[in-house]
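**Student:** here's a sequence, model it:
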Amino acid sequence: MLMRPEQLAAHLDQPLAPLYLLHGDEPLLVIEAGDAIRAAARRQGFEEREVIIVGTSFKWDDLFLAAGNMSLFGGSKLVDLRIPSGKPGREGSEALQRYISTLGPGIVTLITLPELDWQARKAAWVTALSNAGIVIECNAPPPARLPQWIAERMARQQQSAPRAALEFIAAHVEGNLLAAHQEIQKLGLLHPPGEITLAQIEAAVMNVARYDVSDLRDALKARDTVRAARTLEGLKGEEAAPPLVLWALATEARSASARPALLHAAKIDRMIKGLARGDVWDEFLQLALRLTRNRNN
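**Tutor:** Numbers count the residues shown, from 1 in each chain. As a prediction, this is how the structure comes out:
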């Protein structure tokens, strides 16, 4: 049975399944899902947990011993099996398929893997595990959905933010969910429940660098060409994230209703993604000059 990470919380209010398989490309989501399953196991009386990590010298008999070695006091047990390579090998594949037949009451097995490619998904052992338990694929949301993901996370701590603020955070973290998670937690510490403004989020998210994109936005709003060029040079020297710089420029282009500037921003976006050639920082400068000149004219 396949399950999305966001469905897990409701599922864990029910009796646990005998087996869970976690995999995906986003470590934060894998860690959170595993922690949630382990916490649910403790709540439901699985007093013991045995962690088994599959390495080069691992013996698969240890897995069967862990499942068979019940507490002297008759308590239930969570077998926490981790396969960092995602490749158990021929012996492991056969062992995992045999292991399924031993699943019984009193044992819950949690198997954690890295992201599985298309070949691994078709492997007999993966198919057998999927049929025997619940599979949770923990992949990062696509970039277009990241602002909504951030909004959902903020809602957990009873906070909200306007769309522009959510896009600002998304641009700043460049798809790194762990970084996004840390920024959201920071907002929870700095501000009470309720709506947080874009200015408050910019102040909280930006680091202590000498230059930041808020300086660039101020220069663009003031139509100060020299200051905008100097700030861009500083951002380049401090290796600022290009998506974040583009966010500032595109935001100003939208507010000024400058269609040629928006087309220019779209071209830079393709360059950042490797879909077009060119010097990104030179294009940033040209776009900044376009935006300041447009207002001056």
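**Student:** where does this structure have low pLDDT?
**Tutor:** 69-75, 206-211, 294-297 (pLDDT under 70).
**Student:** at 50 instead, please
**Tutor:** Under the criterion pLDDT under 50, the flagged ranges of the chain are 72, 208-209, 295-297.
**Student:** how about the contacts made by the residue nearest the centre of it?
**Tutor:** For the chain, L177 is the residue whose C-alpha lies nearest the centre (CA atoms, centre = their mean; 2.9 Å). By CB atoms under 8 Å, 6 or more residues apart in numbering, the residues touching L177 are 26, 28-29, 140, 149. Placement of C-beta: from N, CA and C, glycine included.
**Student:** quick one: which of the residues you listed has the most company?
**Tutor:** The most crowded member of those, judged by other CB atoms under 10 Å, is L29 (23 neighbours).
**Student:** if I look at P143, how far off is W247?
**Tutor:** In this view, P143 and W247 are 12 Å apart by CB to CB, to the nearest Å.
**Student:** give me the more crowded residue out of the two.
**Tutor:** W247 (22 against 13).
**Student:** roughly how far does the nearest residue to that one once chain neighbours are set aside sit from D279?
**Tutor:** Distance criterion CB to CB, 6 or more residues apart in numbering; nearest residue to W247, sequence neighbours excluded, is A171 at 3.8 Å. To D279, A171 is 20 Å away according to CB to CB.
**Student:** what about the two, which has more around it?
**Tutor:** Neighbour count, other CB under 10 Å: between A171 and D279, A171 has more, with 24 against 10.
**Student:** do you know how far the more buried one is from W60?
**Tutor:** 46 Å.
**Student:** which parts of this structure are strands?
**Tutor:** Taking DSSP state E as the test, the strands found in the chain are 2-3, 19-23, 48-53, 77-82, 107-112, 134-137, 159-160, 194-195.
**Student:** just how off-centre is the second one within its chain?
**Tutor:** If I follow you right, that is strand 19-23. 18 Å (CA atoms, centre = their mean, to the nearest Å).
**Student:** how many other residues sit next to H191?
**Tutor:** 17.
**Student:** now it: phi and psi?
**Tutor:** Taking degrees, to the nearest 10, you get phi -130, psi 150 for the backbone angles of H191.
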